[in-house]
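Trainee: predicted model and sequence follow; I will ask about them next.
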Amino acid sequence: MPLTELIDRFEIGAQMMPAGNAYGGLIPLFFRFGPMNQHFHGRSTGAMGPKTPVLGCECGEWGCWPLMAHIIVTDELVTWDCFEQPHRDTRDYTGFGPFRFDRHHYDRALQDLTNAMSSNE
């Protein structure tokens, strides 16, 4: 299930307002996140603080309405947790996640993303 659907269900269920159809994917051409394998390993630009944007606003601008997560990478797993919406600091995302990914599958997906981005340049 896409992360956009998961967060919509969570926010609507928690009666957060606004909620539903607020998020979209990240558009690397709009903001230079750096190499995708660094960004999605939580090592993107330090200007974003300790958390990493994993979704942006449905308008395409990540800074407008980002979903931020703490990304932890080990040899075997990648974990996304401690989600937050920085423009609504009273929201509680405690029940959302954590999401755990097999490190090898995760890195393969990042390589596929990098290859797809390279072919579109």
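Mentor: That came through fine.

Trainee: show me where pLDDT drops low in the protein?
Mentor: Per-residue confidence of the chain (counting by pLDDT under 70) places the weak regions at 29-30, 32, 45-48, 120-121.

Trainee: that one: helices as residue ranges?
Mentor: Applying DSSP state H to the chain gives helices spanning 3-13, 36-39, 103-119.

Trainee: quick one: which of these is nearest C82?
Mentor: helix 3-13 (14.1 Å; C-beta to C-beta). (Each C-beta comes from the backbone N, C-alpha and C, glycine too.)

Trainee: could I have the CA atoms of that closest one written out in PDB?
Mentor: As requested, the backbone C-alpha atoms of helix 3-13 are provided in PDB (Å, rounded to 0.1, in the frame of the first residue of the first chain):
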ATOM      1  CA  LEU A   3       2.700   5.500   2.000                       C
ATOM      2  CA  THR A   4       0.300   8.300   0.900                       C
ATOM      3  CA  GLU A   5      -2.700   6.000   1.600                       C
ATOM      4  CA  LEU A   6      -1.300   4.800   4.900                       C
ATOM      5  CA  ILE A   7      -0.800   8.400   6.200                       C
ATOM      6  CA  ASP A   8      -4.300   9.500   4.900                       C
ATOM      7  CA  ARG A   9      -5.900   6.600   6.800                       C
ATOM      8  CA  PHE A  10      -4.000   7.400   9.900                       C
ATOM      9  CA  GLU A  11      -4.600  11.100   9.900                       C
ATOM     10  CA  ILE A  12      -8.300  10.800   9.100                       C
ATOM     11  CA  GLY A  13      -8.700   8.100  11.700                       C
END
